[in-house]
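*Asks:* Pasting the sequence and the predicted model now:
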Amino acid sequence: MENNNIMDLNAENNTLLINPSFPSKVSLSPAVKIAVMASGNGSNFEAIARAIDSDLLDAKISILIVNNDDCKAIERAKKFGIHYEYIDHRKFANRNSYDKEIVSRLKYFNVECIVMAGWMRIVTPILINTFPNKIINIHPSILPSFKGTKSIERALNSGVKITGCTIHKVIEEIDSGEIIAQAAVKIDIEDDLSSLTKKIQVLEHNLIPKAIANAVNEWRSSN
Ligand code: GRF
């Protein structure tokens, strides 16, 4: 089953991607230069890299920034031959000085779009106001529900029957910027944290390349 409104991604576990207005591919010319910021696993970073390699997203990941030197995102960057930089927040006096360093690296690579893909740090206006409306975050719930941490666990324990993921622009208020795209998944009676996390990640990996393309296309056409 596939139409503009609903794609059946995985009939076995009833995972539905609800994606009302996105065409299958939005071409970007020139290709968008992206920075990805990740703290851990990096599966969304890899999903973006794969979409680029498969010509589903006209982009280049110019830099991956990580704040943990043992994170799996680094292994993935090596696998894809993507430049990464480890910037250790523990070496900076405060959030502002850390974000200043990040801004200088992002400016150096002249990126147009910044994707926070599992970036487990609060960002300051120093970063946000340098790239207004150009920073995108992936959050594992249907915002505005379950903002903050442990969103999947809280959704599971709350009794809601549907949850999902949201791709949104980053503003100072956490998990509150303009929504670019959302995808939903049914919570089954037998779901636990692990199975629901997997379902949500399938949605995220499918949605993030499309959300990037659409957001970039929109801001380019409004300039
Ligand atoms: C994702 O579930 C995302 O929604 C949240 O952090 C997780 C990162 O996963 N912000 P990964 O590191 O991309 O695998």
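*Replies:* The structure has been received and is ready for your questions.

*Asks:* hey, let's count contacts and neighbours off CA atoms from now on
*Replies:* Fine.

*Asks:* for this protein, longest helix please?
*Replies:* For the chain, the helix reaching the highest residue count under DSSP state H is reported as helix 193-221.

*Asks:* tell me which residues in that helix are buried?
*Replies:* Residues of helix 193-221 classed as buried: 196-197, 199-217 (neighbour count, 16 or more other CA atoms under 10 Å).

*Asks:* repeat for stretch 116-133
*Replies:* For stretch 116-133, burial by neighbour count (16+ other CA under 10 Å) applies to M116, A117, G118, W119, V123, T124, I126, L127, I128, F131, N133.

*Asks:* my guess is the first one meets A38, correct?
*Replies:* Yes - under the contact definition of CA atoms under 8 Å, M116 touches A38, with a separation of 6.3 Å.

*Asks:* Do a quick rundown of the helices in the protein.
*Replies:* Under DSSP H, the chain gives helices at 43-53, 72-80, 95-108, 125-128, 151-158, 193-221.

*Asks:* tell me what the first one is packed against?
*Replies:* To tie it back to what came earlier, the one meant is helix 43-53. Other elements packing on helix 43-53 under the criterion 3 or more CA pairs under 8 Å, 6 or more residues apart in numbering; DSSP states H and E are strand 59-66, helix 72-80, helix 193-221.

*Asks:* To the ligand, which of the helices of the chain lies closest?
*Replies:* With CA to the nearest ligand atom, the closest approach to the ligand among those belongs to helix 43-53: 3.6 Å.

*Asks:* so does that closest one get close to the ligand?
*Replies:* Yes - applying CA under 6 Å from any ligand atom, one finds helix 43-53 touching the ligand at S43, N44, F45.

*Asks:* what about the first one, how many neighbours?
*Replies:* So that's S43. Residues lying near S43 (other CA atoms under 10 Å) number 19.

*Asks:* What's opposite G164 in the beta bridge?
*Replies:* A184 (DSSP bridges).

*Asks:* thinking again about what came up before, for the helices of the chain, give me TSV that also has mean pLDDT.
*Replies:* What follows is those, written out as TSV (pLDDT from 0 to 100):
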stretch	mean pLDDT
helix 43-53	98
helix 72-80	98
helix 95-108	98
helix 125-128	98
helix 151-158	98
helix 193-221	95
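
*Asks:* Out of these, flag the one nearest T166.
*Replies:* helix 193-221 (8.1 Å; CA to CA).

*Asks:* starting at the chain centroid, how far to that closest one?
*Replies:* On the basis of CA atoms, centre = their mean, to the nearest Å, helix 193-221 sits 6 Å off its chain's mean C-alpha point.

*Asks:* contacting residues for the residue nearest in space to the middle of the chain?
*Replies:* With distances taken as CA atoms, centre = their mean, I138 lies nearest the centre of the chain, 3.5 Å away. By CA atoms under 8 Å, 6 or more residues apart in numbering, I138 lies in contact with V115, M116, A117, G118, C165, T166, I167, H168, E204, I208.
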